[in-house]
Every structure is written in C-alpha cells, then in structure tokens.
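# Fold the following and give me the result.
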Amino acid sequence: MPPTKNRGHKHNIMNPVNDYIKKNWKNTVRTGKEGIGKKLPYPVTVPCMKEGFTCFFYWDTYFTNLGLMIDNEEQATWNVENMRSFVEDMGFIPNGNLPVMFNRSQPPLYPHAVMDLYEKTKDVELLKRHYSAIKSEYYFWMKNRSTAIGLNQYNSNPTDKEIEDFYVELKERGAFPSLKKERAEILGYFAEAESGWDFCYRYDESALNYVQIDLNSILYGTEKAISKIAGIIGESEDARLFEGLSQKRKGLINALMRADDGTYHDYDFVNKKMSPYYSCASFTPFVFNLSDDAEACKKTLEKLEQPHGISAGERIEKTGLQWAYPNMWPPLVYFAYMALRAVGLNEDADRIRKKYLAVVDSVFEKTNDLWEKFNCSNGTVSNSEYSSPSMMGWTAGVYRYLFEEK
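Residues are numbered from 1 along each chain as shown. This is a model prediction of the structure:
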C-alpha cells in the first residue's frame, strides 16, 4: 500500500514523540529465538517494550513496519523475512508465535508488507524470494477460509481444550457476561480474534455467518499484488490467472457487499443480507482500489469521524467492546487515511492525520508513553475491555508514517 508518493522530504522539526520512537525502536526488538513459541530466523519487533504483548503478532508487525521503513529498513526487511519463515514452516502466518495462537491467523497483510518494501527499494530479488510464500499463504486462505458464495471469512481451528480455555478467558474478560458454553458461539469469537477486531459489533455475535469486507478487500489486493509480482518476475501465466481471480472477487464484492449509496459492508451469507453497520472496515475497498467513489468514502467518514479522530465503529446504543465507538485504533486510522487519499479527499485525509498525531502528542505529554488505543471522543487513552497497555508497535509505526506525510 504505501507510500502515497507524497513525501520526498524530511521534517526537521523537534518532536518529543518522534524522538521517543526513534530512541526506543531498539527496545522492541527480540532475537526471534526467545520464549516458548516458534523460533524465528531473524530479530523481530514486538508490540510492547514492557509488560503485555511481547511476542510476534502478525498484523501488528505490518503497521509497525510502516515506521520501520522510515527509520530502520533492515529491521523492516527482517520482519517480512520472519513472515516468510512462518509460511514455509507452517503453511500460514499465525496470529502470533506462541502455540496458543497457532489455531488462527490475522488479516493477511504479508504480501502488502513485501510490496511496501519493494515500492521503496525496487529490489526484484525481494519479490523473487517471497513469491512462493505469498502464493502459499493466499492458498491457505482459499482452502481454509472460503465459503459457498465464493468469498472468504475469518475462522479458526482450535482444539477442544483451546475452546474451553477461550471460554474461560471470555468470561474473565467480561465482554460477554451472558456467554454460554456453546461451541458454535465460542468459535464465532475465535473468528473475531482472527480478524484482529476482538471484539466488535459487526456481526450480531455471529461472525461465522458473515464474509468480511476488510478480509475480502485485502485478498483482492493480494490477487492484484501477485499478478503484479508475477509480471515483474516473468511468470506471465500467473499474472493472467491472478488478475482474473481479482476481477471475479471484485464482481462478487460489488454484488453482495456494496450498498446502493456505494458504501461497503460485511455480508451475512446465511441470512442473505448486508449489515447496515459502518466500521473502519468499510474503508478498505477504497484502500485497495476496489472503488474510487469519493462520495461513498465520504459517507463512511461522516459516520465515523469524531472530535479527536476516527472511531472503529459508528455510534450505536451498544457500548463496551473495544473495537467499537469511541475507540480509535492506529491501524484503522491508517486505513481511513489511505482510503481518503486514494479517492482524492486530501483535505479530509489530512484532518484525520492531524487528529491522530495531536491525540498521540497530547497523551504522550501527560504520560510520557505511547498506548495501544485511544478515545476519539475525548482524546484520552482508552481502557475498553481491559487497561490499555503502553505500546510502541502500531502506534509508533502509524505515527511515524503519518508524521512524514504532508
């Protein structure tokens, strides 16, 4: 996805958050061979320097790389090499490198991490090195996460013990006080965990009834990326094949997941109805160039923008889940920004960019730390579902990326 081709400059302005990030990138690096999980061949960045999330996380690493490509390209390259190692060893990239996370993946952004590096370096050898693994991960999603309607969904493959343990975790976390010990219901929450949006109001507590607009937009982008890579490295048959697959997916998405006003939503294929709910997932078709409808993108923005940034989901009567109003998550800010830029709404994009930077700056001034998520209604740290951990990770990566945009 990046860059937006609008930087080509360097800021020389003194900025405490930038100084903190640049100083502390090194403190997020682990050898890759530590701990009880899968050992990785290269050093890896972890989301939290202190307590909390201190192992590899899949989609966190993608957004961390946005900043590392500016400040430490070598580490950004090592991160995607570790992703390749997962695919070659396990056939997919799990949620994280701890065994408890091996039953699911996360949003499949590995191909896009590779393409981001390629757009910066123009290193064809990078594409050749990752091509087979990128295709293998794609086929994992096609084999294990396909539905009867030809689109994909988040899912999982936990053991009985993992289901039991997850039930206990959900009860302790307090997100679903009326949760019953029913396998199908718990599997739905596993699917939400694979989406990275654990937990949200997108699915009426029935995630496995849905195909998700973010996942299918990302996979459309993957098909386009594979076609592009294939063309660059001389695999012309694959180039044609994956271009055809992308067009087929685009047709299905537009037929089932696009409303009359051009906005995009998750689709309940069991009950054959489109969700009316707006979330930042609704930006992803614009990010991956499925649509260039600026008016529809603007309507999505109007549902989600708040005084201090962009909300994960629109404001509804239900409250309490963390991937929902009023919580602002760095990766979703990035998607919103990229969508607005992609359709030419540059003033709106810049406003969202500045709101995010301002909140991070303000909270840092008060706490001397970065945090996992923020409240876009009042500009504070969000503690929905659990106390927000202090976090470099995607908070720093998205901050550095947006700071360098003008």
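# three-state assignment of residue 88?
With DSSP: H, G, I helix; E, B strand; the rest coil as the basis, residue 88 sits in helix.
# So, low pLDDT: which residues of the chain?
Where the chain drops to pLDDT under 70, the residues are 2-13, 34-36.
# go with 90
Residue ranges of the chain with pLDDT under 90: 1-14, 31-39, 49-54, 170-182, 204-205, 318-320, 383-391, 406.
# quick one, helices of the stretch 51-200 of the chain?
58-71, 73-90, 110-121, 124-144, 160-173, 183-195 (DSSP state H, counting those that start in this stretch).
# how far out from the middle of the chain is the first one?
What separates the centre of helix 58-71 from the centre of its chain is 11 Å, taken as CA atoms, centre = their mean, to the nearest Å.
# which secondary structure elements does it contact?
In terms of contacts (3 or more CB pairs under 8 Å, 6 or more residues apart in numbering; DSSP states H and E), helix 58-71 is packed against helix 16-24, strand 44-45, helix 73-90, helix 110-121, helix 330-342, helix 393-404. From N, CA and C alone the C-beta is placed, and that goes for glycine too.
# got it, and the shortest one?
Contact analysis of helix 110-121 by 3+ CB pairs under 8 Å, 6+ apart lists helix 58-71, helix 73-90, helix 124-144, helix 213-233 as its packing neighbours.
# What are the buried residues along it?
110-118 (16 or more other CB atoms under 10 Å).
# Tabulate those residues (CSV), appending distance to residue 25.
Formatted as CSV, the buried residues of helix 110-121 follow (distance: CB to CB, whole Å):
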residue, distance to residue 25
110, 21
111, 24
112, 21
113, 17
114, 21
115, 22
116, 17
117, 17
118, 22
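# Tell me the one among the residues you listed nearest to residue 156.
The closest of those to residue 156 turns out to be residue 110 (CB to CB; 18.3 Å).
# Contact partners for that closest one?
58, 62, 80, 83-84, 87, 93, 133-134, 137 (CB atoms under 8 Å, 6 or more residues apart in numbering).
# For residue 351, state which of those residues is nearest.
Distances from residue 351 to the contacts of residue 110, taken by CB to CB, are shortest for residue 62, at 24.3 Å.
# contacting residues for residue 231?
By CB under 8 Å, 6+ apart, the contact set of residue 231 is residue 239.
# re the thing from before, of all the helices and strands packed on helix 58-71, which lies closest to residue 293?
helix 330-342 (10.6 Å).
# got the angle between the closest one and helix 393-404?
30 degrees (axes from the mean of the first three to the mean of the last three CA atoms, to 10 degrees).
# who does helix 330-342 touch, helix- and strand-wise?
helix 58-71, helix 284-287, helix 294-304, strand 309-310, helix 346-367, helix 393-404.
# Measure how that helix sits relative to helix 346-367, angle-wise.
Going by the same axes, to 10 degrees, helix 330-342 makes 160 degrees with helix 346-367.
# For the remainder of this discussion, apply numbering that starts at 22.
Okay, using 22 as the starting number, the last item reads as helix 351-363.
# how about the CA coordinates for helix 351-363, as PDB?
C-alpha atoms of helix 351-363 as PDB (Å, rounded to 0.1, in the frame of the first residue of the first chain):
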ATOM      1  CA  PRO A 351      -3.900   3.200  15.000                       C
ATOM      2  CA  PRO A 352      -4.300   0.600  12.200                       C
ATOM      3  CA  LEU A 353      -7.800   1.800  11.500                       C
ATOM      4  CA  VAL A 354      -6.600   5.400  11.400                       C
ATOM      5  CA  TYR A 355      -4.100   4.300   8.700                       C
ATOM      6  CA  PHE A 356      -6.900   2.600   6.700                       C
ATOM      7  CA  ALA A 357      -9.100   5.600   6.900                       C
ATOM      8  CA  TYR A 358      -6.300   7.900   5.800                       C
ATOM      9  CA  MET A 359      -5.200   5.700   2.900                       C
ATOM     10  CA  ALA A 360      -8.800   5.400   1.700                       C
ATOM     11  CA  LEU A 361      -9.400   9.100   1.700                       C
ATOM     12  CA  ARG A 362      -6.200   9.800  -0.100                       C
ATOM     13  CA  ALA A 363      -7.000   7.100  -2.700                       C
END
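# Just the residues contacting that helix, thanks.
In contact with helix 351-363 (CB under 8 Å, 6+ apart) are residues 22-23, 25, 27, 80, 83-84, 87, 217, 301, 304-305, 307-308, 310, 313, 318, 321-322, 325, 330-331, 333, 367, 369-370, 373-374, 377, 394, 415-416, 418-420, 422-423, 426.
# Please pick the buried ones from those.
Neighbour-count burial (16+ other CB under 10 Å) is assigned, among those, to 22-23, 80, 83-84, 87, 217, 301, 304-305, 307-308, 310, 318, 321-322, 325, 330-331, 333, 369-370, 373-374, 377, 394, 415-416, 418-420, 422-423, 426.
# Just put the helices and strands packed on helix 351-363 in CSV and tack on distance to residue 284.
Converted to CSV, the helices and strands packed on helix 351-363 look like this (distance: least, CB to CB, whole Å):
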stretch, distance to residue 284
helix 79-92, 24
helix 305-308, 9
helix 315-325, 5
strand 330-331, 15
helix 367-388, 15
helix 414-425, 24
